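J.: Below is the sequence, then the predicted model.
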Amino acid sequence: MLITMKADASTQATDSVINMLTGRGFEVHTIRSSGAAVIGVNGKPIPEDLPSSMQIADGVSHVDLHPSKYPLAARSSRPEGTVVRVGETTIGGLEPAIIAGPCVIETEDELISIAQGVKRHGATLLRGGAFKPRTSPYSFQGHGELGLEMLAKAREETGLPVVTEVMEPGAVEMVAHYADVLQIGSRNMMNFPLLRAVSQVDKPVLLKRGFAATIEEWLQSAEYILAGGNDRVILCERGIRSFDQATRFTLDLNAVPLLRELTHLPVVVDPSHGTGRREMVAPMSAAGMAAGAHGLIIEVHPQPDTAMCDGPQTIYVDDLAGIVSHARTISAMMSTGVPTKVPA
């Protein structure tokens, strides 16, 4: 059963409903930080009298007895959409969020220079890998906590919130200490202990689609985070594996309008990983925005051909300006789509 509270319901009204449910022995999962509170109920069969008694409880908007497989993530639980705040930046509102930076952090001076460049060209968040999952054990794996310290320094210098990947449950607390947004990479989309761990921290989570995951599997992974109490989840379409080797992955832009229909969570597109080709990043960025994405995450570097990771898909810093300009223009044209509301 899923109970959706009214947008203006008080904290006391929500707590009262939760207490009534837990008092009757039900397990509840609640999201409430980025919009109207939503309460998922499970743990035992629902008695016949419960839905009607909940429907008349103070502050309740509606009760759904047959929610989807991802009830907290479903659009029906929060029809107006979720807007995730990261400092002064929002993801899911009318302005596109632009997340840009190097695939992997190499040096502090270079990172700060990149951060200054992407901010100048319109980026709203800085990305950078401190811990890097690599297919080969001999590839550069990142600087670890030293890289996190470099990200914090870049944030101090530019004011840009930082996004970085966390790879294991034991590292969540450390990464959350430095980062503004925790990224769950494609390979970890179904790492359920990690999903549970990030659900317990007061930081937004950028959840990348697994490169062999269905939309339903992806949304159920998001449900793990929501069910743990963290509703500041951002979905990232980053391409799926296919038979064609002409591009690194197939950027599934079908997913974007479908997700806008299925879920209230904001959606961003990663044209860097989705194509693996520098020359395709700009057109697929535009295509992603036209499909209805709330933003982009793009890899940039001052000298991509010498980058320590993913150089072929990384654009030059100055090339970001045109991508951002087009993204804003297209986003303005698409603003008549599914409405969203920024929380107070």
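T.: Done, it's in.
J.: Pro169 versus Arg196, what's the distance?
T.: Separation of Arg196 from Pro169 (CB to CB, to the nearest Å) stands at 8 Å. Glycine gets a C-beta too; all of them are placed from N, C-alpha and C.
J.: now the strands: where do they sit in the stretch 151-300 of the chain?
T.: 162-165, 181-184, 205-208, 233-237, 267-269, 295-301 (DSSP state E, counting those that start in this stretch).
J.: Just checking: what are the partner strands of the fifth one?
T.: Read that as strand 267-269. Sheet pairing for strand 267-269, assigned by DSSP bridges, gives strand 233-237 (parallel), strand 295-301 (parallel).
J.: who touches Pro102 in this structure?
T.: 110-111, 114, 127-129, 299-301, 307, 309, 314 (CB atoms under 8 Å, 6 or more residues apart in numbering).
J.: Looking at these, which one is closest to Asp64?
T.: Arg127 (36.5 Å; CB to CB).
J.: which residue packs closest to that closest one, ignoring adjacent ones?
T.: Gly101 (4.0 Å; CB to CB, 6 or more residues apart in numbering).
J.: per-residue confidence at Thr336?
T.: Here, the pLDDT recorded for Thr336 equals 59.
J.: what's the answer for the one 3 residues further on, then?
T.: For Pro339, the model assigns a pLDDT of 43.
J.: Which strand residues bridge the residue most central in space within the chain?
T.: Central residue of the chain (CA atoms, centre = their mean): Ile234, 1.9 Å from the mean position. When bridges are called by DSSP bridges, Ile234 pairs up with Leu206.
J.: That one reaches Val84, doesn't it?
T.: Yes. Look at Ile234 against Val84 with CB atoms under 8 Å: they come within range, at 5.7 Å.
J.: what sits in contact with each of those two?
T.: Counting by CB under 8 Å, 6+ apart, the contacts common to Ile234 and Val84 are 91-92, 204, 266.
J.: export the residues you listed to a markdown table and tack on pLDDT and neighbour count?
T.: Compiled in a markdown table, the shared contacts of Ile234 and Val84 are given as follows (pLDDT from 0 to 100; neighbours: other CB atoms under 10 Å):
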| residue | pLDDT | neighbour count |
| --- | --- | --- |
| Ile91 | 97 | 26 |
| Gly92 | 96 | 25 |
| Pro204 | 98 | 25 |
| Pro266 | 97 | 28 |
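J.: Using TSV, lay out those residues together with distance to Gly276.
T.: Output for the shared contacts of Ile234 and Val84, formatted as TSV (distance: CB to CB, whole Å):
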residue	distance to Gly276
Ile91	24
Gly92	27
Pro204	27
Pro266	25
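J.: nearest to Leu151, of the residues you listed?
T.: Using CB to CB, the shared contacts of Ile234 and Val84 come closest to Leu151 at Pro204, 15.3 Å.
J.: how far away is the closest residue to the closest one other than its chain neighbours from Val201?
T.: Spatial nearest neighbour of Pro204, chain neighbours left out: Arg232 (3.9 Å); criterion: CB to CB, 6+ apart. Using CB to CB, Arg232 is found at 10 Å from Val201.
J.: same thing with Ala290?
T.: The gap separating Ala290 from Val201 is 34 Å, by CB to CB.
J.: Which one's more surrounded, those two?
T.: When neighbours are counted by other CB atoms under 10 Å, Ala290 and Val201 differ, and Val201 comes out ahead with 20 against 17.
J.: Does the more buried one touch Leu182 like I think?
T.: Yes. Contact between Val201 and Leu182 holds when scored by CB under 8 Å: they sit 7.1 Å apart.
J.: Show me whatever sits in contact with both of the two.
T.: Counting by CB under 8 Å, 6+ apart, the residues touching both Val201 and Leu182 are 172, 176.
J.: ok, now which ones touch the residue nearest to Arg127?
T.: Going by CB under 8 Å, 6+ apart, Gly101 touches 111, 114-115, 118, 123, 126-128, 163, 299-300.
J.: Quickly list what it is bridged to.
T.: Beta bridges link Gly101 to Glu299 when assigned by DSSP bridges.
J.: The spatially closest residue to Gln116 that is not a sequence neighbour: how many residues sit nearby?
T.: Distances taken as CB to CB, 6+ apart place Thr158 nearest to Gln116, at 5.9 Å, with adjacent residues excluded. Thr158 is flanked by 19 other residues according to other CB under 10 Å.
J.: Thr158 and Ser113: what is the separation?
T.: Counting by CB to CB, the separation of Thr158 from Ser113 is 10 Å.
J.: now do Asp58
T.: Going from Asp58 to Ser113 by CB to CB gives 55 Å.
J.: what do you get for Asp318?
T.: Using CB to CB, we find Asp318 at a distance of 12 Å from Ser113.
J.: Which one of these two is surrounded by more residues?
T.: Neighbours per residue (other CB under 10 Å) separate Asp318 from Ser113, with Ser113 holding more: 15 against 12.
J.: residue contacts, the more buried one?
T.: Contacts of Ser113 by CB under 8 Å, 6+ apart are Pro302.
J.: Tell me the secondary structure at it.
T.: helix (DSSP: H, G, I helix; E, B strand; the rest coil).
J.: Please report the confidence value the model assigns to it.
T.: On pLDDT, Ser113 comes in at 97.
J.: Leaving out sequence neighbours, find the closest residue to Met5.
T.: Leaving aside its sequence neighbours, Met5 sits nearest to Ala37 (CB to CB, 6+ apart; 4.2 Å).
J.: hang on, I meant Arg187
T.: Sequence neighbours aside, Pro133 is the residue nearest to Arg187 in space, at 5.3 Å (criterion: CB to CB, 6+ apart).
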